[in-house]
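Participant: task: produce atomic coordinates for the following.
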Amino acid sequence: MTTPDITLYTVGTPNGVKISIVLEELGIPYKAREISFKDEEQKQPWFLKINPNGRIPAITDHSRGDFHVFESGAIMIYLCEHYDPEGKLLPKDSDLRSQVIQWIMFQMGGLGPMQGQAGHFNRYAPEKIPYAIKRYTDETKRLYSVLNGALEGKEYLVGNKYTLADAISFPWVRVHFLSGVSSIDEFPNLKAWVARISARPAVQKGLNVPTPDKFQEFLDNPEKLDEFVKNAQNSFKWKSTDEK
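Facilitator: Numbering: from 1, shown residues only. So this is what the prediction gives:
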């Protein structure tokens, strides 16, 4: 197996910490390069060569000819294919592997986009649109119910073992409060799953990359969340998706 030499381009968002968590879980050496949203660094030509979509996270694998990978799900699979020979996070068994990939697609196509929109319309949109807030908040809760049902009688989603299936959705569910879902008490299996994953040492390390975990601070001090949102609205001057 090639000795890894990886640069992670990231910010401490749910999408960003997915990758630092996986890197920490697999014990892969890496350097974290924080991208400045305020300066729209993700839109600069040098970064667009790494990720033409102009989003974080992305990686460059210097040990494999400066190979670039973007999209968080694709990065997670790439890391396991090259640096997880034991199938710790992506099982070698074809059926279990398929199940893990299904949950990856669930997060990438469902939970991430829907919860992201819920967060935008609840917290950041320049005007409150009740229909959009309700639509995306309700869909986020529906997706939580899917996860809650899948976790019935289990500690983890696939093979009752911690895998990418868990690692990819956990960073989103833990920040449910950003998206109009103030509590996940109605989803007891999901709530226990979040606590279980949060207790993993590698997860705690990953959550604090590239900067200390601000979301835990918001959980402990809700008033700081309102301050953060106001600053974000002023700094980023939120634009529509087509403009961003």
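
Participant: run the chain-centre distance for the longest helix seen in the chain.
Facilitator: If you go by DSSP state H, the chain has its longest helix at helix 130-150. Its chain's average C-alpha position is 17 Å from that of helix 130-150, according to C-alpha atoms, centre = their mean, to the nearest Å.

Participant: ok, stretch 212-224 next?
Facilitator: On C-alpha atoms, centre = their mean, the centre of stretch 212-224 falls 17 Å from that of its chain.

Participant: can you give me the strands for the chain?
Facilitator: Taking DSSP state E, the strands of the chain run over residues 6-10, 30-34, 58-61, 67-70.

Participant: residues of the last one that come out buried?
Facilitator: Of the residues in strand 67-70, those buried under the neighbour-count criterion (16 or more other C-beta atoms under 10 Å) are 69, 70. For every residue, glycine as well, the C-beta is placed using N, CA and C.

Participant: for residue 180, give its distance to residue 169.
Facilitator: 18 Å (C-beta to C-beta, to the nearest Å).

Participant: for residue 120, same thing?
Facilitator: Residue 120 is 19 Å from residue 169, by C-beta to C-beta.

Participant: one more: residue 201?
Facilitator: 20 Å.

Participant: looking at those two, which is more packed in?
Facilitator: Per other C-beta atoms under 10 Å, whichever of residue 201 and residue 169 has more neighbours is residue 169, with 29 against 9.

Participant: can you give me the end-to-end distance of stretch 209-221?
Facilitator: End-to-end span of stretch 209-221 (C-alpha to C-alpha, to the nearest Å): 20 Å.

Participant: gap between that stretch and the chain center?
Facilitator: 14 Å.

Participant: ok, and what's touching it?
Facilitator: For stretch 209-221, contacts defined as C-beta atoms under 8 Å, 6 or more residues apart in numbering pick out 8, 10-12, 16-17, 20, 24, 32-34, 174-175, 177-178, 207, 224-225, 228.

Participant: kindly list the single helix or strand of this structure that scores lowest on mean pLDDT.
Facilitator: Every helix and strand of the chain was ranked by mean pLDDT, DSSP states H and E. The lowest is helix 222-236, at a mean of 73.

Participant: okay, domains of the protein per the record?
Facilitator: Domain ranges of the chain: 6-83, 94-236, per automatic domain parsing.

Participant: just give me the neighbour total for the closest residue to residue 165 other than its chain neighbours.
Facilitator: Counting by C-beta to C-beta, 6 or more residues apart in numbering, the nearest residue to residue 165 once its immediate chain neighbours are dropped is residue 103, at 3.6 Å. For residue 103, the neighbour count with other C-beta under 10 Å is 22.
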